[in-house]
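**Q** 3D model of this:
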Amino acid sequence: MTLKDTLVPTYIQMLGALSAWLDKASDQLPADRAATIMRARLAPDMFPLFTQICFSCVQAQEGIFRLRQEEMPASVGALLADGRNADTTTPTIADAQARIAETLRIVEAAAADAPDLSPDAPLAHTLPNGMVFDLTAAQYVRDWALPQLYFHVMAAYAILRAEGVGIGKADFVAHMFPFLRPGTMPKPG
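**A** Coordinates of the predicted model:
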């Protein structure tokens, strides 16, 4: 599998789902709650919703550029700063939607001419705290890039659910409905 047929579709579908959940939050929540939901969190020691969204976008951009073997664009640093500073600002749902839309543009543009990378290509993944993981490209995709994206997207999903947004499993797997065999959808009731 290539970058274009593994990571890119996953990034696009999960960031698209995240955007749809935010649309539901805008539609369902009272204006005062919608204005403050970006600061909601599941536990005191967890990041708030806006940070989870920014970090979801970081993971998508980072995965693309790391596998392209290119330097991270300035947008990654800006997203990290936005996420880390979420408690000192008043981000809105519109701000979060803008981060997602920009990330989708970046991912789609970078994927358009993405080179094929051998699954066995060595990749050194350095964390901000100085830890370095020596992986192959395939291990990076399987064990870091995809799990990290899902972690932050799922944290955002859980925060939205905990805050009363009416989303469920069907919203999480909405990308699967085009593959549903006709006549197999259970009848309500």
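**Q** just give the nearest non-adjacent residue to the residue positioned nearest the centre of the chain, would you?
**A** Note on the chain: the residue nearest the mean C-alpha position is residue 56, at 3.0 Å, using Cα atoms, centre = their mean. Nearest residue to residue 56, sequence neighbours excluded (Cβ to Cβ, 6 or more residues apart in numbering): residue 152, at 4.2 Å. C-beta here means a position set from N, CA and C on the backbone, and glycine is covered the same way.
**Q** thinking that neighbour is in contact with residue 62, fair?
**A** No: between residue 152 and residue 62 there is no contact under Cβ atoms under 8 Å: 11.5 Å.
**Q** of these two, which one has the most company?
**A** Under the criterion of other Cβ atoms under 10 Å, the comparison of residue 152 against residue 62 puts residue 152 first, with 24 against 21.
**Q** so what's that one scoring on pLDDT?
**A** For residue 152, the pLDDT comes out at 97.
**Q** mind showing which ranges of this structure have poor pLDDT?
**A** Residues of the chain meeting the criterion pLDDT under 70: 1-4.
**Q** and after the longest helix seen in the chain, which helix or strand comes next?
**A** Among the elements of the chain assigned as helix by DSSP state H, the one spanning the most residues is helix 3-28. Tracing the chain C-terminally past helix 3-28 and defining elements by DSSP states H and E, one meets helix 31-36 next.
**Q** buried set for that next one?
**A** Applying a neighbour-count criterion of 16 or more other Cβ atoms under 10 Å, one finds residue 34 buried in helix 31-36.
**Q** dump the C-alpha coordinates for it into CSV.
**A** As requested, C-alpha coordinates have been extracted for helix 31-36 and formatted as CSV (Å, rounded to 0.1, in the frame of the first residue of the first chain):
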residue,chain,number,x,y,z
ALA,A,31,-25.4,29.4,21.7
ASP,A,32,-23.7,30.0,25.1
ARG,A,33,-22.6,26.3,25.4
ALA,A,34,-21.4,26.2,21.8
ALA,A,35,-19.3,29.3,22.6
THR,A,36,-17.5,27.5,25.4
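**Q** quick one: residues in contact with that helix.
**A** Contacting residues not belonging to helix 31-36 are listed as 25-26, 92-93, 163-164 [Cβ atoms under 8 Å, 6 or more residues apart in numbering].
**Q** cool, and stretch 55-64?
**A** Applying Cβ under 8 Å, 6+ apart, the contact partners of stretch 55-64 are 3, 7-8, 11, 14-15, 18, 47, 72-73, 75-76, 79-80, 83, 99-100, 102-103, 106-107, 110-111, 114, 141, 145, 148-149, 152-153, 156.
**Q** can you rerun that using 7 Å?
**A** Defining contact as Cβ atoms under 7 Å, 6 or more residues apart in numbering, one finds that stretch 55-64 is touched by 7, 11, 15, 18, 72-73, 75-76, 79-80, 83, 99-100, 103, 106-107, 110-111, 145, 148-149, 152-153, 156.
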